[in-house]
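# After the sequence you'll find the predicted model.
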Amino acid sequence: MLGGFTRMTIATVVLLLEASNDLSIVVPIMIGAIVSHCVAAMLNTHAYDELLIMKKGVPYLDAEIVHEMDTSNLAAADLCKSMPTPEKARLGVNASANAVKAALDIEGVQVFPVLSGEVCEGLVSRDCLASALAASLEDSPDAVTKSVPEERAQRWSVQTSGSTLSVASEESSTRRSSTRARFWTGHSEQSDMMSIQPNAPSSSSRPARSPRGMPGRAVAKLLASKRQRELEAGRTIMVDRIMDLSPFLVLESIPLTRFHPMFTSAGTQTAVVISHDGRFRGVLTREHLIKAMDHREQHSLPHVQDAIPVIRHDASRVTATQERTHSLPAYLIWSITLLIALLVGVVNNAMLFIDLYAVSWKFSTVQNLMNRHGLAVGVLGLMGIGMMFAFGAACLVSFIAPICAGSGIPEAKSYLNGNYVRDMFQPPNFLVRTLGVVLSTAVGFPIGREGPMVCIGGIIGIGVVHILAKKHVRTELEIGTLQGSRPSLQLFIEEERLAHAKRIGCVIGGASGIAAAFGAPIGAILYMIEEVTVTAWPLELTVRVFAAVVVTVMTSRLLLNVVGSDVHRLLLYEKEFQGLKNWSWIDFPFFVLLSLLGAVGSAFMTRAFVQVWSLRKRKHAEWSRWQPYAKIGEALAYAALCCMIFAAVPAFMPCLELPARGDAPHGPGPLGHAAEPHHRRLSEDGNLEFVRYTCPEGSYSEAATLLLSGPEGAIKYLYSRNSADALDLGSILLALFAYWPLAIGMPGLPVPMGSFVPSLMIGALLGRATGQLIQGIGGIATPGIYAMVGSAAFLGGFTHMTLAIVVLLSEASQDLSLIPPVMLAVCIARTVSKAINHEAYDEQLIMAKNIPFMEPKCLREMEEKTARQLCMKIPDKARLSAISTVELVQEALKQDGIVFFPVLDAEGQCVGLVTRSRLREVMAARARHQDAAMGLAARARMRAKTVKIAAANAVKTAVVSGESRESVEEAPARDDFRIDPRLFRGHAGDDEVEELVPIEKFMDPAPYTLLDDMTASRFYPLFTKVGARAACVLDRRGEFLGILTRAHLIGTAREAHFQRHHGGEEAHASCDGLGARCNEAIGVESVEVDLTPGEAADRRRLRLAGVEDP
């Protein structure tokens, strides 16, 4: 009911769970919330509050564009025509008071453009303008005379010494009057300044004498009104001193679907619409968009209604295969969402059971060896089996997909941040990550599955979107003769939308993977929001992710039922302890102490992880001639070390008698029993299996239970609050000192791994040990609660996450009473760890790997820098015209470090941007066309290394397709360039035929634009919230100055970071040693290049940004 009425999802579930204090019903509540939401959405388009907003006329701008307006034909110029700026609302730099009053009298105009000819110099708001006008009137002699009684009238004298009128009085308001008076001037023909000061009485300040029959006060008011009208006729307000000098610029050809996020996500209030040559066309405000998108008006605005038809079929224009908007159908969106969730659930369960059988076979074999030949042979057997599994995982990573080494979280964060990561989500990576993480956990490495599961879910999500949505965004670009050609904007919009849809699919898949791994659907959503999601979380994404995690969890439980597993084993604590408050306020000092220990320990582990990773990378570079075999050998050696330590350490601890349980005794089992499915999942129930190891019948080895049950099973054991599960302090400390160093040594190995679960394990060992030490104090909570608090503190300090950790642990423990101590631990640990290490481990790894990532906030060092200072200056050889010669294009492609090429007209105005990739494709098409015409098929095949060839009609046409070059995760809407044979022909009669390339056919004709003096603090959200990859920097006359890209912003921010934390010289040294493989893309295109150390500042920024600069 609540979900259908309010359309809320997460808030509804959390509120009901906290009210019921029963987390076991989280899945039924989520099912009810999502079903009611969907049914109510079909019956009522809007929720109750939204309907009230519409009925009351409260201004509200929807985050989503109305479906019929989501078209490339509805441009900013159409909105300006439907809601033009009145002529009286257009002010000059120095406007007369009468003109200002006339402008203020216009209703509905809140922002006034300040023009100099046809160029907009800035914007001034109604409030600012009214304040300036009021100040000018208040500080005039006549205004004062008519606003105070005769006996209190000030005496003024006027002195002229310039064109600026300043006002001073005898009262304490001298500074206020002078400040206000700076906004207005007297007659323009005056050469002296006019200053009004309280001197001797003058004729202008004395009250007029009363004629017969007329009171003196009325005469004074009449004369003052007359003199004020005379002064206002020549008074001028200097508007340029109160206006916004750097408003956002929007080209008149840019479609609504592109600039709409500027107002919804980036918080832009107003924007100036200009032509390509810089002439003023109008002003767009949030009110304009609200009115244009208002459902009640049904788009009655004439120019908006005329622009809504999607495609105008014109022979001189680019045509599309079908008429449609850029939005995907609703049925397709939900089909993609549910299919992703189902596939992730199935894959996760398949991985669990493969892991189960692999580990069961390993431990049963080792147990048999121990029983027959003793401990030494058993340990050797364990080492041999572990090395075999490690060999498989290392070979998969080293030979098929090297990018699959590690967790993949830094690369996923970069991709969801809006950057291109080469080979991250290729289909072979799915096989490598799934099998690799199963083999790695079967080895017994101190790792988790959460990072690889995010990437596995991302691969599934991107693949499903690519297969199902690709046909709905496919366009066909007809390139005919050079005459009458116009660019295709629809193609670029379609590409951007497909890339956005794939990123959304990646988020849905990642959240489903976390939900399947931890059995915590709400925590999975928060994990994606905090850890690896895009900077601006789309509103529609919450409902889709919510539905996906529910389907994934239900699929996992259904499959567990089908294979005979108990679905009630989805708890960390046994059911009778759910909801019991086993802590008191006396525990809080010890919680604080434990949180501090966890913060320091996690900060140390973060630094140790980064140092180990860097050391391995240096050694791998030194052993480059032996790669990848040296990496594989290192993985085998480390697997043998882990197996030997985990198997040998329990031999030094005594065997313990099995504790008796009245409800469900935990029978001691051989090693193989530790591999049951609930030990491979963090969220299984508390029916713990003690590991017998080499102990006699009726006893068990506590150290073996902690080290050989896998981290998930050991964490359940440590979290147990049953008094019968008391652990020996020596075993806990021994396991801690054995597990922690081995976990630190994992980064850099060529196997898939996650660091989330090891952090939980180390924190639980630390917390359990603390709880065991203080058990002598009366009223202290059980050690299991301290283990939970220790995990939260360690994980909070390591990841710097907050909500996700609290919800994940609460859902896993099924105990809401632990939320206060867990929140306290996370808050303290995150604060202390952030003071020690400014960045969390994943962020430090992003810097170390030189992965492009744009911070959500602009650094202080960049806030005052202008677009002119940050933009990249484009050399003349890289500046193209709408129709360029082949030689000019080839010369432009030779310019290193440029990905975006400006297209300029004859007057030097920028009319569009074209990327290096598109130029290469067109030049490749030209070469293939020539080869096909000459019949040189062999040469055509040689040139098809990066572009798939589809040559049809050998003489007349050639088809350009980037299918083989582009990776599946960034494959754009397929643009098939049908090349007319006359396209590259020169002019008839020329001695030397000059081939022409119609760049206007495939350029982006509506790029984002920025004024050169706009500061980074203002335009930074354009790149973080809106997702812009490049923007043209213009001066006020529309002259092109340069291009500002995400690459340069990321590089500048990273350089400032190194300067702040490492110093200038070390920053440059670090930059030069980063290697120089970088990636940059516009939309969905990519280029590859190798940069050498020690280049100029622009190159250094690109290298620091991790962005490709060909």
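Structure received. Quick caveat, the model's predicted, so the values are computed rather than measured. Numbers count the residues shown, from 1 in each chain.

# pLDDT below threshold where in the protein?
By pLDDT under 70, the weakly predicted segments of the chain are 1-4, 138-234, 295-326, 474-488, 532-536, 564-581, 659-689, 723-726, 930-994, 1061-1110.

# Domain boundaries for it, per the record?
2-56, 94-116+125-241, 330-472+492-562, 867-1105 (automatic domain parsing).

# ok, residue 840 touching residue 795?
No. Taking C-beta atoms under 8 Å as the definition, residue 840 is not a contact partner of residue 795, at 10.6 Å. Quick note: C-beta positions are derived from backbone N, CA and C, even for glycine.

# These two: who's more crowded?
Of the pair residue 840 and residue 795, residue 795 is the one with more neighbours under other C-beta atoms under 10 Å, namely 30 against 22.

# That one: what's its closest spatial neighbour, skipping adjacent residues?
Excluding the flanking residues, the one nearest residue 795 by C-beta to C-beta, 6 or more residues apart in numbering is residue 759, at 4.8 Å.

# Surely the one you found touches residue 601?
No. Using C-beta under 8 Å, residue 759 is not in contact with residue 601, being 9.7 Å away.

# and residue 635, how far is that from residue 616?
11 Å (C-beta to C-beta, to the nearest Å).

# Now the common contact residues for those two.
Residues touching both residue 635 and residue 616 (C-beta atoms under 8 Å, 6 or more residues apart in numbering) are residue 749.

# Among these two, which residue is more densely surrounded?
Using other C-beta under 10 Å as the criterion, residue 635 and residue 616 rank with residue 635 on top: 25 against 18.

# which element follows the helix or strand encompassing the more buried one toward the C-terminus?
With secondary structure defined by DSSP states H and E, residue 635 is part of helix 629-648. Per DSSP H and E, the first helix or strand lying C-terminal to helix 629-648 is strand 656-657.

# Contacts for that next one next, please.
Outside strand 656-657, the residues that touch it by C-beta under 8 Å, 6+ apart are 695, 698-702, 728.

# just the buried members of the residues you listed?
Neighbour-count burial (16 or more other C-beta atoms under 10 Å) applied to the contacts of strand 656-657 gives 695, 700-702.

# In helices, which of the residues you listed appear?
Those of those mapping onto helices are residue 702, per DSSP state H.

# For the nearest residue to residue 627 once chain neighbours are set aside, give me its contacts.
Closest residue to residue 627 apart from its sequence neighbours, by C-beta to C-beta, 6+ apart: residue 620 at 6.5 Å. The contact partners of residue 620, by C-beta under 8 Å, 6+ apart, come to 627, 630-631, 748.

# For the helix or strand residue 620 falls within, list every residue counted as buried.
Using DSSP H and E, the element containing residue 620 is helix 588-622. Buried residues in helix 588-622, defined by neighbour count with 16+ other C-beta under 10 Å: 590-592, 594-606, 608-610, 612-613, 616, 620.

# can you check stretch 238-257 too?
Across stretch 238-257, burial judged by 16+ other C-beta under 10 Å covers 238-240, 242-244, 246-257.

# do stretch 1012-1032 as well
1012, 1014-1016, 1018-1032.

# Over to stretch 1046-1066?
By neighbour count with 16+ other C-beta under 10 Å, stretch 1046-1066 contains the buried residues 1046-1058.

# Same question for stretch 880-896.
880-882, 884, 886, 888-889, 892-893, 895.

# for this structure, which helix is longest?
From DSSP H, the single longest helix across the chain is helix 330-373.

# what packs against the next helix or strand after that helix?
Sequence-wise, the next helix or strand downstream of helix 330-373 (DSSP H and E) is helix 375-399. Based on contacts counted as 3 or more C-beta pairs under 8 Å, 6 or more residues apart in numbering; DSSP states H and E, the elements that helix 375-399 packs against are helix 330-373, helix 427-443, helix 629-648.

# and those helices, which is most packed in?
helix 427-443 (a mean of 23; mean count of other C-beta atoms under 10 Å).

# what angle sits between it and helix 629-648?
Using axes from the mean of the first three to the mean of the last three C-alpha atoms, to 10 degrees, the inter-axis angle of helix 427-443 relative to helix 629-648 is 30 degrees.

# Begin at 682, not 1, for the rest of this chat.
Yes, from this point I'll number from 682; that puts the last item at helix 1108-1124.

# starting at the chain centroid, how far to helix 1108-1124?
From the chain centre to the centre of helix 1108-1124 is a distance of 27 Å (C-alpha atoms, centre = their mean, to the nearest Å).

# and the helix or strand just after it with helix 1108-1124, angle?
Using DSSP H and E, the next helix or strand after helix 1108-1124 towards the C-terminus is helix 1131-1150. If you take the same axes, to 10 degrees, helix 1131-1150 sits at 150 degrees to helix 1108-1124.

# orientation of helix 1131-1150 relative to helix 1011-1054 in degrees?
Helix 1131-1150 runs at 140 degrees relative to helix 1011-1054, counting by the same axes, to 10 degrees.

# Helix 1131-1150 packs against which elements?
Judged by 3+ C-beta pairs under 8 Å, 6+ apart, helix 1131-1150 is in contact with helix 1011-1054, helix 1090-1097, helix 1108-1124, helix 1170-1199, helix 1437-1454.

# Let's see that with 6 Å instead.
Applying 3 or more C-beta pairs under 6 Å, 6 or more residues apart in numbering; DSSP states H and E, one finds that helix 1131-1150 contacts helix 1011-1054, helix 1090-1097, helix 1108-1124, helix 1170-1199.

# With distance to residue 730 added, can I get these in JSON lines?
Shown next, in JSON lines, are those (distance: least, C-beta to C-beta, whole Å):
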{"stretch": "helix 1011-1054", "distance to residue 730": "22"}
{"stretch": "helix 1090-1097", "distance to residue 730": "30"}
{"stretch": "helix 1108-1124", "distance to residue 730": "42"}
{"stretch": "helix 1170-1199", "distance to residue 730": "25"}
